[in-house]
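*Asks:* pasting the structure only:
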């Protein structure tokens, strides 16, 4: 793989000579070519920027140096030109893996208020273009972002890592954050290595690592557990206050059927107001599903002691029987906080379909636990 960098600060890329990237370059696995953009200027001040059309603060990088650089470097269909910009698509492990399949990456590093838009449009006429952002913040220039993207990409090249298994077990490799890691000594300043990691039981170690990877992801990045869990790609996302009205409508539609099955109108969900829904949304971790901009499913959970209390599993009446309720139940269990050791929920005593779904999911009836009138409690231990 060949990587080119167009920048007005070439020294920023000195770290490419260090550590594994440096070894990979020395071994011929990758080629790093850093170019001073000012080489393609023609005035004595080597000017690369000018004032923006339309007015405003700051300066904009001129198109001419980039155009000449593209010509001199032979940028064509075999290249992918990367513009590092806060307005680009979010950079993640998936995108790193995609870029690692390219034969040539060319980083156009902006400064000041950015690069003249015509440079990007021109680049699209001659090569693949990706506009990439490291996150929702602004850096002084694109060099730091280009280095970060480079390291994430080249470490995925076959032969780059000494131990290929490291790529399998690290954060984001399987959609989860990495589990906690330990080394010698077994005890340090009152902190001990977990016994399971010293047991020699590989199955137990693997189970412990997976469990703690899930727990860490739930605690720190629950958004990683949310996307595209439905067969049609519809994401399960956290509810926002603006969803309150649709949640009220959905729960009334769902609990009419519950009222009929249990021959009772004494169900709180049928009597709540919009203000009631808004109030409990501040207390519960609530997730929703939309299809065609319509809220069609929801579920909520909250911690009660060490139990994750699950409630309001709702599916629009016209979509019931398609497995959406099961997926919502699986999701709300997955996002339970680390300190939850069990799951708890209740449903109508005569809600046979619900009983069947919960039983398949591993929940068991608990007649020994107090339940609301006309309802039964169910629990499940967390593995």
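*Replies:* The structure has been received and is ready for your questions. Keep in mind the model is a prediction, meaning the values are calculated, not measured.
*Asks:* how close does the closest residue to residue 262 other than its chain neighbours sit to residue 354?
*Replies:* Excluding its sequence neighbours, the residue lying closest to residue 262 (C-beta to C-beta, 6 or more residues apart in numbering) is residue 348, at 4.1 Å. All C-beta atoms are positioned from the backbone trio N, CA, C, and that covers glycine. Computed as C-beta to C-beta, to the nearest Å, the residue 348 to residue 354 distance reads 7 Å.
*Asks:* Could you do residue 365 as well?
*Replies:* Plainly put, residue 365 is 12 Å away from residue 354 if you go by C-beta to C-beta.
*Asks:* Tell me which of those two has more neighbours.
*Replies:* When residue 365 and residue 354 are compared for neighbours, residue 354 comes out ahead with 20 against 14, by other C-beta atoms under 10 Å.
*Asks:* most centrally placed residue in this protein?
*Replies:* In the chain, the C-alpha nearest the mean C-alpha coordinate belongs to residue 224, at 3.9 Å (C-alpha atoms, centre = their mean).
*Asks:* Give me the secondary structure label for that residue.
*Replies:* Reduced to three states with DSSP: H, G, I helix; E, B strand; the rest coil, the structure at residue 224 is helix.
*Asks:* tally of neighbours for residue 191?
*Replies:* Tallying neighbours of residue 191 according to other C-beta under 10 Å, which is how burial is gauged here, yields 7.
*Asks:* who's in contact with residue 341?
*Replies:* 306-307, 381-382 (C-beta atoms under 8 Å, 6 or more residues apart in numbering).
*Asks:* Can you tell me which of those end up in helices?
*Replies:* Counted as lying in helices by DSSP state H, out of the contacts of residue 341, is not a single one.
*Asks:* rewinding a little: quickly find the element holding the nearest residue to the residue nearest to the centre of the chain once chain neighbours are set aside.
*Replies:* Nearest non-adjacent residue to residue 224, counting by C-beta to C-beta, 6+ apart: residue 217, 5.5 Å away. Secondary-structure assignment from DSSP states H and E places residue 217 in helix 202-220.
*Asks:* Now that helix: buried residues?
*Replies:* Residues 205, 208-209, 212-218 are the ones in helix 202-220 that count as buried (16 or more other C-beta atoms under 10 Å).
*Asks:* which residue packs closest to residue 152, ignoring adjacent ones?
*Replies:* Taking C-beta to C-beta, 6+ apart as the measure, residue 152 lies nearest to residue 96, with 4.1 Å between them; neighbours along the chain are not counted.
*Asks:* ok, and what's touching stretch 81-90?
*Replies:* Outside stretch 81-90, the residues touching it (C-beta under 8 Å, 6+ apart) are 75, 95, 99, 105-110, 114-115, 120, 123, 127-139, 142, 145-146, 149.
*Asks:* Just the mean pLDDT for it, thanks.
*Replies:* Per-residue pLDDT over stretch 81-90 has a mean of 92.
*Asks:* how far out from the middle of the chain is it?
*Replies:* With C-alpha atoms, centre = their mean, to the nearest Å as the basis, the distance from the averaged C-alpha position of stretch 81-90 to the chain average is 17 Å.
*Asks:* now stretch 93-104
*Replies:* From the chain centre to the centre of stretch 93-104 is a distance of 17 Å (C-alpha atoms, centre = their mean).
*Asks:* cool, and stretch 178-192?
*Replies:* Distance of stretch 178-192 from the chain centroid (C-alpha atoms, centre = their mean) equals 28 Å.
*Asks:* For it, list every residue counted as buried.
*Replies:* The neighbour-count criterion (16+ other C-beta under 10 Å) identifies 178-179 as the buried residues of stretch 178-192.
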